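*Asks:* below are the sequence and a predicted model; questions follow.
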Amino acid sequence: MNNKSHVITTSVIKEWNQTLLFKILDSIHDIVMVIDSDTTIVYINNAYAKILGVPVHKVLGRRLDAIEPNARAIEVLRTGKVNHNLRDHLVSVGIDVIGSGFPLFEGDKIVGCVSIFNNISEVVQLNRELQRTKEVADYLQDQLNQREQLPLSVKEYGERSAALRETLELAAKVARTETTVLIRGESGAGKGVLARAIHNSSRRKDKPLIIVNCAAIPETLLESELFGYEEGAFSGAKKGGKLGKFELAHGGTIFLDEIGDMTLSMQAKLLRVLQEKEMERLGGTKTIKLDIRVIAATNRNLDQMIVDGAFRQDLYYRLNIVPLNLPPLRERKDDIILLAEQFIDKFSEEDGVCVELSPEVRKILLEYSWPGNVRELQNVMEHANILRSGLMVEVGHLPAYLRNLYHESALPQSKPHDVKEAVANLERELMVEALAKHKDNRSAAMRELGMSRRAFYDKLRKYKIE
């Protein structure tokens, strides 16, 4: 290129020389860096030290591939292609930059590269916070949309069981700390309810509570779900990347449900988060600091899993700082009726009525083993509320498997001198079931039972069926 065709000599610029060129480059606010064919840094202007905080003499003469092996300038040098306004992350100084790179040719040979770039860390951080705010808002909206499916709050656990009261008192104490918590209990025992109660009683209550069910997410997706990913991290990764659940929980709490279903490789990654309070996105090189409180839960025997080599002992010790054990409902007989009444009150409050449980229903609830625990009891009461026609929950309003349990237990207990009572009870139950089946259509119920209208109404009054 003929430089003379691009130069005008005036009284302002009498002669173009190296000193004048460097003065011009040093007056530029952007960083200007020149590397030669082996990536040695042969020139950087004053903006480098101002923006990156690294003295010029510490990098001048050093090879860029030793300082920033993935720098875009090296890519320009290798390919000979110009890069315009591309973002880069300088690992050595932890700064995000944006700029352009131009190859330098001597004939057809690439002899170096000029890079012009500037710090955009604040913009990147603002954009990340904006993205995080949007994704947290979307997550919380999803939670609100599912609110009707959530179980009871902690005050509705029931307070008669001594074992449960001890667990709740410990939970109330640990909620005020930053300690990692491990909640153990069977499915449906209320582990998620307790995790939410701990978060809502902590100093982080105004920040997000992010819930992750480790058993519900396929192993291949769990890492990206927890850690997020950068754009282009893998085939199908969405443009702009995605924040993971750990970043969404920043400042708040993350609840890792069913932690025992996590693979050993994921356990190792989680251990680093707990130890270092930092992570990297998939496909990223930048370390992201985390301010989170971790609550984990499991229905599995982690002690046995450690013996079997299926759970890391070091992770177990990190999680099990304060263990909270939720007893199953079958060991909390004193709470069953209390919870059932609270559930039916909750489900019937829209009707503005007070609904009671019949003595037979109470007996069934107390005798049943409740393998699904509190969640199962909640579902049973919701089912009963839908079927009831009056102000009393009867056996006929319960799910079929509980009605069958009642009929099976009732027959062997009948005694000769109780025949009239047994017949009356059976007749009452048949009437209640027929009314529930036909949605309180009395004509249809009496036709099914083969009863006259007069006999049907007499027995309604006799058995006090609403």
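*Replies:* Cool, the structure landed.

*Asks:* count the neighbours of G61 for me.
*Replies:* G61: 9 surrounding residues under other Cβ atoms under 10 Å. The way it works is simple: take the backbone N, C-alpha and C, and place the C-beta from them, glycine included.

*Asks:* which residues touch it?
*Replies:* For G61, the contacting residues are 40-42, by Cβ atoms under 8 Å, 6 or more residues apart in numbering.

*Asks:* tell me the SS of it?
*Replies:* The assignment at G61 comes out as coil when based on DSSP: H, G, I helix; E, B strand; the rest coil.

*Asks:* what are the phi and psi values at it?
*Replies:* Here is the backbone geometry of G61 (degrees, to the nearest 10): phi 90, psi -10.

*Asks:* how about D88?
*Replies:* Main-chain dihedrals, D88, degrees, to the nearest 10: phi -140, psi 160.

*Asks:* do the same with the one 3 residues further on
*Replies:* Note on V91: backbone dihedrals following degrees, to the nearest 10 are phi -60, psi -40.

*Asks:* ok, now how distant is it from V97?
*Replies:* V91 sits 11 Å away from V97 when distances are taken as Cβ to Cβ, to the nearest Å.

*Asks:* same check, this time on P359
*Replies:* Counting by Cβ to Cβ, the separation of P359 from V97 is 76 Å.

*Asks:* so the two - more neighbours on which side?
*Replies:* Using other Cβ under 10 Å as the criterion, P359 and V97 rank with V97 on top: 23 against 8.

*Asks:* same for the helix or strand encompassing that one, what does it pack against?
*Replies:* In this structure, V97 sits in strand 95-106 according to DSSP states H and E. Under the contact criterion of 3 or more Cβ pairs under 8 Å, 6 or more residues apart in numbering; DSSP states H and E, strand 95-106 touches strand 31-36, helix 72-79, strand 83-90, strand 109-119, helix 121-145.

*Asks:* strands paired with the third one, and their directions?
*Replies:* For strand 83-90, the pairing partners within the sheet under DSSP bridges are strand 95-106 (antiparallel).

*Asks:* can you list the buried residues in the partner strand?
*Replies:* Of all the residues in strand 95-106, those buried under the rule 16 or more other Cβ atoms under 10 Å are 95-97, 99-104.

*Asks:* ditto for stretch 266-284
*Replies:* Taking 16+ other Cβ under 10 Å as the neighbour-count basis, stretch 266-284 is seen to contain the buried residues 266-267, 269-271, 273-274, 279, 281-284.

*Asks:* nearest to G228 among those residues?
*Replies:* In terms of Cβ to Cβ, no member of the buried residues of stretch 266-284 lies closer to G228 than R281, at 4.6 Å.

*Asks:* what's near enough to touch V432?
*Replies:* 394-397, 465.

*Asks:* of these, which one scores lowest on pLDDT?
*Replies:* pLDDT across the contacts of V432 is lowest for I465, at 77.

*Asks:* pretty sure it contacts M431?
*Replies:* Yes: applying Cβ atoms under 8 Å as the test, I465 and M431 come out as touching, 6.1 Å apart.

*Asks:* which residues do the two both contact?
*Replies:* Shared between the contact lists of I465 and M431 (criterion: Cβ under 8 Å, 6+ apart) are residues K459.

*Asks:* more neighbours: which of the two?
*Replies:* M431 (23 against 16).

*Asks:* buried set for the helix or strand encompassing that one?
*Replies:* With elements delineated by DSSP H and E, M431 resides in helix 419-437, which encompasses its position. Across helix 419-437, burial judged by 16+ other Cβ under 10 Å covers 425, 428-429, 431-436.

*Asks:* element containing L377?
*Replies:* In this assignment (DSSP H and E), L377 forms part of helix 373-387.

*Asks:* for that helix, packing partners?
*Replies:* The contact analysis (3+ Cβ pairs under 8 Å, 6+ apart) places helix 373-387 against helix 333-348, helix 359-367, strand 392-393.

*Asks:* how does the chain divide into domains?
*Replies:* The chain resolves into domains spanning 3-119, 126-327, 330-462 when parsed by automatic domain parsing.

*Asks:* quick one: low-confidence residue ranges for this structure.
*Replies:* In the prediction, the chain carries residues with pLDDT under 70 at positions 1-17, 122, 124-160, 406-419, 466.

*Asks:* quick one on the thing from earlier: just checking, which of the buried residues of stretch 266-284 belong to strands?
*Replies:* If you go by DSSP state E, those have M279 in strands.

*Asks:* go through the buried residues of stretch 266-284 and name the one nearest A163.
*Replies:* L274 (28.6 Å).

*Asks:* Serialize the helices and strands packed on helix 373-387 to JSON lines and add fields for distance to L209.
*Replies:* JSON lines is the format used below for the helices and strands packed on helix 373-387 (distance: least, Cβ to Cβ, whole Å):
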{"stretch": "helix 333-348", "distance to L209": "22"}
{"stretch": "helix 359-367", "distance to L209": "31"}
{"stretch": "strand 392-393", "distance to L209": "34"}
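
*Asks:* for K239, grab the count of nearby residues.
*Replies:* The burial metric for K239, expressed as a neighbour count using other Cβ under 10 Å, is 7.

*Asks:* right, and it touches E230 too?
*Replies:* No: in terms of Cβ under 8 Å, K239 does not count as a neighbour of E230; the distance is 10.8 Å.

*Asks:* quick one: contacts of stretch 64-80?
*Replies:* Applying Cβ under 8 Å, 6+ apart, the set of residues contacting stretch 64-80 from outside is 33, 35, 37, 39-41, 59, 82-83, 86, 88, 90-92, 101-103, 105, 110, 112-113, 115, 285.
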